[in-house]
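> Sharing a model that was predicted from the sequence below.
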Amino acid sequence: MFKHTRYLKNAQHYDIVIVGGGPAGLTMLSALKNNPKINNKLTYKLIESNNLSKDIKNYTDLSDDQFTNRLISITPKNIEFLTSKLKLPLNFNKISKFNGISVFNGTSDFNKARIDIETESYMCEIMNIVNANYQNNQSNNILEMTKVKEIHFKDTYPVLKLTNDTDVSAKLVIGCDGYNSCIKKLINNGKGNGWSYNSFGVVGNLKYKYPITSSSKGWQIFLNSGPLAHLPLNNKDAGSMVWSCNKPMFDLFTKRCKNGQVLGRLINCAYVLDKPDYEYYLHKVFDLYESETLDSRLENKIIEEMDNRVDMVAEKLAKINTSNSQDNMLYMEENYPPLLDSVDLKTVGGFPLKVFHADEYSKDRLVLIGDACHNTHPLAGQGLNMGIEDIKELTKQLEIALDHGVDIGNNELVLKKYHQNRVLENSMMLIGTDFLHKLFSINHPAINNLTNVGMNIFNSLDTVKDWLSFRVSGKN
Amino acid sequence: MLASEIRNIRLHSQKRSFIGFLKPLATTVLTHTLFNKEIVSANNVENSLDVIKTPSNTTKKQEDTNKLYPDHIPLNAFAKSMVFVKSALGSFFKPNHNIHINQLGETIPVWSNAWLEHSYKLLLKDREFDGRDIIMNEPDYRHILKEKYLYVLDDSRKYGNTLAFQMLKYLEKNKITLESRENVHYIDNIAYAKLYNKYRQSHDFHHLVIGDLPTSIEGEIIVKMFEGINMGLPLGLIGGLVSPLHLKDGYIIKQLYSHYLPTIIDLNNKMKCNFLLIDWSKYLLMDLKDIRYKLGGKELVEFSEWIGNDVRQLKKMRKNVNKIKEQEYQNHV
């Protein structure tokens, strides 16, 4: 250690440097801190380019009823890891738990198939995790508003040139800085498998028409343009959506649409109505916002039309599927997502969707976790969960290395093992979501009917469903 | 005139009486002896015979839960196919009985359902005509004229050309009513049942709009041909393409296939819309010619001007020809 610090005059040295202060990076920092072995023996630092404390102040100023739009789903085993093992002070008023997920097939023309899975999951704001991690760590471990300008190697030790004109050297650099990671480029030239989906994810917060009375559930429908998820935010009258859609729809929702009610009713249509019916209204909304000048009367007319149609179909569905009038009232509430009043247009935002899996997660003294090495479609809601699993595995390997007295930056003995243990599960998840996305975006009646039949069969296989929900959530 | 030809006619009529004897036998064998009580009871309901055997309380309640709409008669696939066979035979041999045609249209296996699904999708997607209104308002044309539009008869100068006026006149001339149209019974889907009801009730409007066609068998066949080709209606295709075979007059059969059918296909190629998408209640106070122009351009207007009289004249002409033949035969004898 002395040998290399001699060459660097104004360099600080740490054992571990984490680049990137997103949810994955900050959780990694907490994991290091909460592991007594690592915490006692190693020094570490996190480098983040954004002004974290300002973001956190903005977030903590919000009341418990206001939500930011970037949400993430966390499985029960991971929330347990975060709360009991890392002792993160998460704000549970802003985390909603839901007890099941219903997936519809909106690609078939009539008679949507559905799969109901009883699985627990938690919806949590990204800022909630970031905030909890930030409170948990003394801020002297975090270096804010600093970018990594350049990384070069001196005697195989990476030296990070920062924007505040200091150099930082480390035994191990953990890259958690997302898809455009600067660490990724150094590992095998950032090579990996992946492609862009040519579609966008639109997120936004929803306002229900009526507050819900039963326990909240997650809902997802596969449309030809991409899956649309409808998730609870609090257990009263707010929800959030993730709608992956094509370019014209993305433009419509994020730029041209001026009335959140139209968008909210369109989501009602997507869930309740048949595909040709929903597409009719989608085209109508497109036509509505085609021209520059906007007529609010036309807007109100289309909102009323959609409401009437949804009410009409809901009544029919309830009548067909139930035998007495009491069940009649409850049928829609139990089997369909709560009807929406509007989408909060201030929270609507979007991002391009892609899939990517790095060939190598590590190199001597460099390692990637989270989104830096695998990007996934949000349809399964497993992005951060995979990242947290990475963190668990990496801390485990670091612990073993310390026990055995091995250099923690050693690729063959430490980092490669982390890669080995994670690569299969990650690629299974990536291939699975990629397959689902591609299967449901085929717009051919034969395939659509086939998926409908397949989903109906799957829905009747309870053991398979239980096993799957156990595999994903870690809880029965 | 040739004696051999006349003999042919006689032979033909003899043959027909023989087939006529077979018909009740075949239908009864197929419906009654094939142990299907459901068909019998279904027929009872259709014929509005109030006496239903074994009206025990429990079975009645069970039936109610299976019913999707008040007039629904839920049948299993086998029973339905039996109704189909029975009604197919019935409508070939006795086309003037409405019940056979009604049952046939609803029970054609697979095809009928596929057509209904296709047309329902058409209605849902439609943005040019009234598909959406038909779905939302579920119009019923049976009573609309007599309830709301009788006043047009008082002012023939003002309303003389409107659809409502012409329709009322047409009904009077042909001695038919719109009210007598039956509800559907065998379609196991509420939306499709509504759609089929709409078709059935607008059938008389088609008669008038296509060109004041008479309700004789020839006129009916031409309307069915048109409906089959324009809307893809299975009953229309079967009725339009098969039922001419059963007519007595070979000349008329030849005319139907070689003259009217190609003209209708030509007309349909120039048509702007599927007649299923038209909500007739919206057009009642419009000029009939304007409606024809809107739906089919000037081709439909031209077509409608000659088709009705052409069919009537054809029939008259054949009657005269037959009379002359008969006279010549008698003279010959």
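Thanks, I have the structure now. Note that the structure is predicted; figures quoted are calculated from it, not measured.
> name the helices or strands packed onto the helix or strand B:K315 falls within?
Under the criterion of DSSP states H and E, B:K315 resides in helix B:288-332. Applying 3 or more C-beta pairs under 8 Å, 6 or more residues apart in numbering or on different chains; DSSP states H and E, we find helix B:288-332 packed against helix B:3-31, helix B:163-174, helix B:190-211, helix B:217-231, helix B:250-255, helix B:261-270. Bear in mind the C-beta positions are built from the backbone N, C-alpha and C, glycine included.
> who's in contact with residue 265?
Defaulting to chain A. By C-beta atoms under 8 Å, 6 or more residues apart in numbering or on different chains, A:R265 lies in contact with A:I303, A:M306, A:D307, A:V310, A:L340.
> That was the other one, I meant chain B.
B:I229.
> related to what we said a few turns ago, looking at the contacts of A:R265, which are in strands?
Counting by DSSP state E, the contacts of A:R265 place A:L340 in strands.
> between the contacts of A:R265, which is nearest A:I187?
Proximity to A:I187 was ranked across the contacts of A:R265 by C-beta to C-beta; first place goes to A:L340, at 44.1 Å.
> Tell me how many other residues surround the closest residue to chain A within the stretch 201-333 of chain B.
Closest to chain A within the stretch 201-333 of chain B is B:L277: 13.1 Å, counting by C-beta to the nearest C-beta. If you count neighbours by other C-beta atoms under 10 Å in any protein chain shown, B:L277 ends up with 20.
> same thing with the one 3 residues further on?
A count of neighbours around B:W280, defined by other C-beta under 10 Å, yields 25.
> The helix holding B:K315 to helix B:261-270, inter-axis angle?
170 degrees (axes from the mean of the first three to the mean of the last three C-alpha atoms, to 10 degrees).
> next one: helix B:288-332 to chain centre, how far?
19 Å (C-alpha atoms, centre = their mean, to the nearest Å).
> Next: stretch B:194-202.
11 Å.
> Could you pull out the strands in the stretch 101-250 of chain A for me?
For the stretch 101-250 of chain A, the strands defined by DSSP state E, counting those that start in this stretch cover A:101-105, A:114-117, A:121-125, A:142-143, A:148-154, A:157-162, A:167-175, A:192-208, A:218-223, A:226-232, A:238-245.
> Of all those strands, which one is nearest chain B?
strand A:218-223 (15.6 Å).
> Strand partners (parallel or antiparallel) of the closest one?
Strand A:218-223 pairs in its sheet with strand A:101-105 (parallel), strand A:226-232 (antiparallel), by DSSP bridges.
> Generate a markdown table for these, with mean pLDDT as supplementary columns.
Formatted as a markdown table, these follow (pLDDT from 0 to 100):
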| stretch | mean pLDDT |
| --- | --- |
| strand A:101-105 | 94 |
| strand A:226-232 | 93 |
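> ranking those by burial, who's on top?
Across those, averaging neighbours per residue (mean count of other C-beta atoms under 10 Å in any protein chain shown) puts strand A:226-232 on top, at a mean of 24.
> What is the distance between it and the centre of its chain?
Per C-alpha atoms, centre = their mean, the centroid offset for strand A:226-232 relative to its chain is 12 Å.
> Contacts for it, please.
A:71, A:73, A:96, A:98, A:106, A:123, A:199, A:206, A:212, A:216-221, A:238-246, A:267, A:270-271, A:337, A:353, A:378-379, A:381, A:436-437, A:440-441.
> what kind of secondary structure is the residue nearest in space to the middle of chain A in?
Central residue of chain A (C-alpha atoms, centre = their mean): A:I72, 4.2 Å from the mean position. Recorded secondary structure, A:I72: strand (DSSP: H, G, I helix; E, B strand; the rest coil).
> where do the helices sit along the stretch 351-476 of chain A?
Remark: helices assigned in the stretch 351-476 of chain A by DSSP state H, counting those that start in this stretch are A:383-404, A:416-441, A:445-460, A:462-473.
> Specify the stretch among those that is closest to chain B.
So among these, helix A:445-460 is nearest, using C-beta to the nearest C-beta, at 10.2 Å.
> hmm, who's touching stretch B:166-174?
With contacts defined as C-beta under 8 Å, 6+ apart, stretch B:166-174 is touched by B:145, B:149-150, B:152-153, B:177-178, B:204-205, B:207-208, B:212, B:214-215, B:284, B:288.
> ok so, going back, can I assume the residue of the stretch 201-333 of chain B closest to chain A is in contact with B:I134?
Yes - using C-beta atoms under 8 Å, B:L277 is in contact with B:I134, at 7.5 Å.
> which bits of chain B sit near chain A?
B:T65, B:L68, B:E117, B:K121, B:L124, B:K125, B:R127, B:R132, B:M136, B:I190, B:A191 (C-beta under 8 Å from any C-beta of the partner chain).
> Show me what from chain A comes close to chain B.
Going by C-beta under 8 Å from any C-beta, the residues of chain A near chain B are A:109-110, A:274, A:276-277, A:279-280, A:283-284, A:308-309, A:312, A:316, A:320, A:323.
> Would you confirm that B:L195 contacts B:L122?
No - in this structure, B:L195 is not within contact of B:L122 by C-beta under 8 Å, at 9.7 Å.
> Overlap in contacts, these two.
What both B:L195 and B:L122 touch, as defined by C-beta under 8 Å, 6+ apart, is the set B:L276.
> okay, these two: which has more neighbours?
B:L195 (24 against 18).
> what's the burial count for the closest residue to the more buried one other than its chain neighbours?
Spatial nearest neighbour of B:L195, chain neighbours left out: B:Y120 (5.7 Å); criterion: C-beta to C-beta, 6 or more residues apart in numbering or on different chains. B:Y120 has 23 neighbours, counted by other C-beta under 10 Å.
> Need the pLDDT of B:Y120.
Predicted confidence (pLDDT) for B:Y120: 94.
> before we move on, what about B:S216?
89.
> That one and B:L247: what is the separation?
11 Å (C-beta to C-beta, to the nearest Å).
> mind listing what's buried in the helix or strand harbouring B:L235?
Using DSSP H and E, the element containing B:L235 is helix B:234-242. Across helix B:234-242, burial judged by 16 or more other C-beta atoms under 10 Å in any protein chain shown covers B:P234, B:L235, B:G236, B:L237, B:I238, B:G239, B:G240, B:L241.
> Taking chain B, what residue is nearest to chain A?
Taking C-beta to the nearest C-beta, chain B has B:L124 as its residue nearest chain A, at 4.0 Å.
> Verify the contact between that residue and A:D274 for me.
Yes - B:L124 is within contact range of A:D274, at 7.0 Å (criterion: C-beta under 8 Å).
> So in terms of bridging, what pairs with A:L368?
Here A:L368 sits in beta bridges with A:G175, going by DSSP bridges.
> let me redo that: A:L162
A:L162 has these beta-bridge partners by DSSP bridges: A:V148.
> Let me know how buried it is, in neighbour terms.
A:L162: 17 neighbours (other C-beta under 10 Å).
> correct me, but it touches A:V168?
Yes - assessed by C-beta under 8 Å, A:L162 is found in contact with A:V168 at 6.3 Å.
> Touching both of the two, which residues are there?
A:I47.
> Alright, I will stop here.
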